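[1] Predicted model and sequence follow; I will ask about them next.
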Amino acid sequence: MALMKLLVTIAITTAITITLITTRTTTTVEYTSSDAPGTQTIRPSRFLAQKEVGERNPNAVDHCNKDPKICSLYGGGGSNSTTVTCCNNKCIDVGSDDKNCGACKNKCKFSQTCCRGQCVYLSYDKRHCGQCNHPCKMNEFCVYGLCNYA
């Protein structure tokens, strides 16, 4: 019985401590533009990291629907900038993306992979055996993703 009282006391103390820490932590932000009056107090989230004012989201993409040249200028994050194109307002490498293989919205079938803009079966394709751009030698077969399996 004494052990239960001790555990309940520890749980209550922990809950009160967490509540006090999260409610007393505030951030004051001063705006310099004319459209935002004075200061504003922002309460931080207990679960998400705080974002600084004016900080750009690193996961945000440059939208390419208005200017498709953005994809070629920045390389689009793909391995080959010549196969990067604007698909559905995002820069996509159509040479290696399974959902946009060779062209926008050209989805590879189940168990196929996009290699050089073509949907291939890595288990049986002699030019892409086991992985993209891994050809088997002359007179070898690709079986289960291995050259000359036997």
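    That came in fine, so what should we check first? Numbering: from 1, shown residues only.

[2] Walk me through the domains of the chain.
    For the chain, automatic domain parsing gives the domain ranges 61-107, 109-150.

[3] Using JSON lines, please lay out the ones you listed together with mean pLDDT.
    Conversion of the domains of the chain to JSON lines gives the following (pLDDT from 0 to 100):
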{"stretch": "domain 61-107", "mean pLDDT": "75"}
{"stretch": "domain 109-150", "mean pLDDT": "89"}
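
[4] Same list (those domains) but as a markdown table, adding mean neighbour count and distance to residue 10.
    From N, CA and C alone the C-beta is placed, and that goes for glycine too. Output for the domains of the chain, formatted as a markdown table (neighbours: other Cβ atoms under 10 Å; distance: least, Cβ to Cβ, whole Å):
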| stretch | mean neighbour count | distance to residue 10 |
| --- | --- | --- |
| domain 61-107 | 16 | 47 |
| domain 109-150 | 14 | 52 |
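
[5] Now render those domains as JSON lines, adding distance to residue 7.
    Below are the domains of the chain laid out as JSON lines (distance: least, Cβ to Cβ, whole Å):
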{"stretch": "domain 61-107", "distance to residue 7": "49"}
{"stretch": "domain 109-150", "distance to residue 7": "51"}
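
[6] what's the closest of the ones you listed to residue 21?
    domain 61-107 (35.7 Å; Cβ to Cβ).

[7] quick one: which of the domains of the chain is nearest residue 18?
    domain 61-107 (36.3 Å).

[8] where exactly do the helices run in the chain?
    2-24, 69-74 (DSSP state H).

[9] Out of those helices, which one sits most buried?
    helix 69-74 (a mean of 15; mean count of other Cβ atoms under 10 Å).

[10] As TSV, the helices of the chain with distance to residue 131 would be great.
    Formatted as TSV, these follow (distance: least, Cβ to Cβ, whole Å):
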stretch	distance to residue 131
helix 2-24	48
helix 69-74	26
